[in-house]
Each structure stands twice: as structure tokens, then as C-alpha cells.
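**Q** here is my input, please return the structure:
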Amino acid sequence: MSASLMMSGRCGKRQTGLINVKADPMPRQGDASHKHGRPGGKPPSSAEWARAMAREAALAPDAIPAPAVVPAVPGSVLAWPGRRFDLATVDPDADGGLDKAEAKAALGAERERIRTLQERLYAERRQSLLVVFQAIDTGGKDGTIRSVFEGVNPQGCRVWSFKVPSSEERDHDFLWRYHHKAPGRGMIGVFNRSHYEDVLVVRVKDLEPEAVWRPRYGLINAFEQMLTLSGTTVLKFFLHISKDEQKERLEARIADPEKHWKFDAADLVERRSWDAYQTAFGDALGLCSTPYAPWRVVPANRKWFRNLVIARTIADTLEAMDPHYPDAQEGIAGLTVPD
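**A** Residues are numbered from 1 along each chain as shown. Next comes the predicted model:
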């Protein structure tokens, strides 16, 4: 196996410590010095990102326990907290320098890690994991979930796909339907689209005035902080594809009768808003990337690379959560089963 594939960024037991969160003001539109939220437009390395979080922790009198936050797998990018993220600076064709065949083989090992750790998490019933996926249409959310969680015990994992809100959901606050589906202790919850739709689609399609959707960034951060304090680690992935890749995927759905069920003519209308969505994604990634729930941007044109990066990150996170089987009842070893 190549050195690149061996650099999994795995960490040991969950770190203890305190973290405080401060949101920087949103930079001006088009300010090139704030690409990725830092001068020069270069994405932060995992080490640099961790140092910044440590500086935040040192300043924190009113702090929260640190969750299981692992370094970025090579090829993915951690969004810098508090400022707009420029997606144009991330190459959606990136493959981390990996070989496709070797990466597919490595994916099997990561799936096995997830299966083993998920069983411990379910047996322990003390903490939970929420995995959030966001992407533009055809970004690959369904395929990622299907591939990465292959073989996971469905008793301990739930996938929720959030569509247009029902009349009952609209009668409540915008976070109500998401909180209702958050994973309980011992569970892995997967959000296929999520609470971020209420600062993305709502914004781009002008479903609510800015006075309504802009405060939601802070409410989302508070919601995720509350989940973290309740023992839920929040892991967020943005699947980044190019506009050309989206065109190819839409054309493939039109050309293949067996994929027509996945096609909606409204997708062609939504494609006209590509630039508006990129801006909305950038704001959400930056303003809602926090030390306890950072956004991870994953180049997703190459599905095999996308799947490996996400599987490895989930496995690393579960490993850092360090779940254990509960203590057995005393005296089991000496029992005999009657005939």
C-alpha cells in the first residue's frame, strides 16, 4: 500500500479539554484575501487548523467539552471557522495522489473499521454520531451513503432524507424536524441533506427574507453545540463537484431509462442558479464551521476518492470517540448451559 494511503490521520482516544467559539464577521463579497478564511487563499493544514483551535481554547472561560474532531484526511479540506469559504479554490477533480484500484481496496478496510466500531458504539449506548451530507444536485450524497455504510448493522444506524417540509413541519421552528431525527445514544444518524437547507435553498430561491434566514447561522451553531454537549459528535461533509461534472451526471440520467426515476426537470432550473448556490454554500461552510463541528470539503468528481476520504474520516472519528463494550455481568465465565 502506498505511503499516501497509509497516512490515515487516525488518532487515539478522545481528547479532553475546553473549546470556546467566536464567529468572525462575514468578509466583504469578492475579498480575495479571505479565501478559505485566511490570507493568500490557501486552505489550512490540519496542524495549522488545530493550532488555531488550541488558541481559541486558551481564551475560553465559558467553554464546552471538546468532541472527537480528527484531522482532515489528505485531499479533503477543513473550512476555516467564521469566514466565507471559497469553493473555487478546491479542485473537485483532486484525488490525493492515490491510485483508483488501491483506493478501492483500502475502502474495504475502512468499512470494516466502521462496522467494528459501530458495534461497540451501539453496545456502549453512551454517545452518538451524526453524519451530515450536503451537496448540490447530483453531488453524490445517495451513492456515498450507500457505499460507505455498506454492511453496517441497520439496528444501530438510521438515514434520514429531508425533502420539502410538510405542513406540520412548517408549523414549527425550522430546526424542529431535524432535532426530532437526531441520533440517540449508541446510534449513528445520517442526514441526507439537513438543517442547512434552511440557509441554502431558502436563501437562493428567496423563500424567506434575509432577516429570517441570516440569523439561522447562529441558531444552527447553537443547535450543533447543544448536540455536542449532549454526547453527539457532529461530522459534516460537503461533496464538491464541478459544474461540468453535474452536466455529465444529469445527461447520464436522461440517457438511461433506469435512471429516469432519479431525474427531475426542476434540476435543470436549479442549475441556472449554480453561482448563487456556490455563494450560499461558501457562507454556510465558513459561518457554521466551528471547533466542535467543522465542515469538511471533499473533492467529489472522482467517486472512488470521495468514498475513501469519507469512510476513513468516519472510521477515524469513531476511533477517537473510543466506544467500549459494557462490562459483563459477574460470574458469566463459570456458567454452564443445561442440556
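**Q** number of nearby residues for the nearest residue to Arg113 once chain neighbours are set aside?
**A** Computed as Cβ to Cβ, 6 or more residues apart in numbering, the closest residue to Arg113 that is not its neighbour in sequence is Ala315, at 3.9 Å. C-beta coordinates here come from the backbone N, C-alpha and C atoms, glycine included. Neighbour count for Ala315, taken as other Cβ atoms under 10 Å: 25.
**Q** OK, contacts around Ala315?
**A** Residues in contact with Ala315 (Cβ atoms under 8 Å, 6 or more residues apart in numbering) are 10, 110, 113-114, 117.
**Q** helices of this protein, start to end?
**A** 3-6, 46-58, 100-124, 141-148, 167-170, 176-180, 197-204, 210-213, 216-229, 243-255, 266-271, 274-287, 303-321 (DSSP state H).
**Q** picking up where we left off before, and the contacts of Ala315, which are buried?
**A** 110, 113-114, 117 (16 or more other Cβ atoms under 10 Å).
**Q** tabulate those in CSV, adding columns for pLDDT.
**A** Output for those, formatted as CSV (pLDDT from 0 to 100):
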residue, pLDDT
Glu110, 97
Arg113, 98
Ile114, 98
Leu117, 98
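**Q** adding distance to Ala284, write those residues out as a markdown table.
**A** What follows is the buried ones among the contacts of Ala315, written out as a markdown table (distance: Cβ to Cβ, whole Å):
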| residue | distance to Ala284 |
| --- | --- |
| Glu110 | 27 |
| Arg113 | 30 |
| Ile114 | 27 |
| Leu117 | 29 |
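**Q** would you mind writing the CA trace of stretch 134-146 as CSV?
**A** Included here for stretch 134-146 are C-alpha records, laid out as CSV according to Å, rounded to 0.1, in the frame of the first residue of the first chain:
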residue,chain,number,x,y,z
GLN,A,134,-24.7,18.4,1.8
ALA,A,135,-24.0,18.9,-1.9
ILE,A,136,-25.5,20.5,-5.0
ASP,A,137,-27.9,18.3,-7.1
THR,A,138,-26.1,15.2,-8.4
GLY,A,139,-23.3,15.8,-5.9
GLY,A,140,-23.4,12.1,-4.8
LYS,A,141,-25.0,12.0,-1.4
ASP,A,142,-27.0,8.9,-2.0
GLY,A,143,-24.1,7.0,-3.6
THR,A,144,-21.7,8.0,-0.8
ILE,A,145,-24.1,6.8,1.9
ARG,A,146,-24.8,3.5,0.1
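**Q** what residues does it touch?
**A** So stretch 134-146 is contacted by 133, 159, 190, 192-194, 196, 200, 236-241, 245-246, 249-250, 253, 267, 270-271, 274, 277, 281, 284, 300, 303, 306-307, 310 (Cβ under 8 Å, 6+ apart).
**Q** tell me the buried residues in that stretch?
**A** 134-141, 144-145.
**Q** out of these, flag the one nearest to Ala79.
**A** Lowest distance from Ala79 to these (Cβ to Cβ) belongs to Gln134, with 11.8 Å.
**Q** okay, and the beta partners of the closest one?
**A** Using DSSP bridges, the bridge partners assigned to Gln134 are Phe238.
**Q** okay, it: pLDDT?
**A** Per-residue confidence (pLDDT) for Gln134: 98.
**Q** do you know how far Ser242 is from Pro67?
**A** With the distance defined as Cβ to Cβ, to the nearest Å, Ser242 ends up 32 Å from Pro67.
**Q** same question for Glu150.
**A** Distance from Glu150 to Pro67, by Cβ to Cβ: 26 Å.
**Q** and the two? which has more neighbours close in?
**A** Using other Cβ under 10 Å as the criterion, Glu150 and Pro67 rank with Pro67 on top: 26 against 14.
**Q** now that one: how far from Val269?
**A** 39 Å.
**Q** buried sites along stretch 269-279?
**A** In stretch 269-279, counting by 16+ other Cβ under 10 Å, buried: 270-271, 277-279.
**Q** same check, this time on stretch 315-333
**A** Neighbour counts over stretch 315-333 (16+ other Cβ under 10 Å) mark 315-323 as buried.
**Q** quick one: that stretch to chain centroid distance?
**A** 25 Å (Cα atoms, centre = their mean, to the nearest Å).
**Q** do stretch 158-177 as well
**A** Counting by Cα atoms, centre = their mean, stretch 158-177 comes out at 19 Å from the chain centroid.
**Q** okay if I get the buried residues of stretch 269-279 as CSV plus distance to Gly186 and pLDDT?
**A** Shown next, in CSV, are the buried residues of stretch 269-279 (distance: Cβ to Cβ, whole Å; pLDDT from 0 to 100):
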residue, distance to Gly186, pLDDT
Glu270, 37, 91
Arg271, 41, 94
Tyr277, 36, 96
Gln278, 38, 97
Thr279, 39, 96
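**Q** nearest to Pro215 among those residues?
**A** Using Cβ to Cβ, those come closest to Pro215 at Thr279, 18.2 Å.
**Q** any stretches of the protein with poor pLDDT?
**A** 1-66 (pLDDT under 70).
**Q** swap the cut-off to 50 and go again
**A** The chain contains residues with pLDDT under 50 at 1-40, 57, 59-65.
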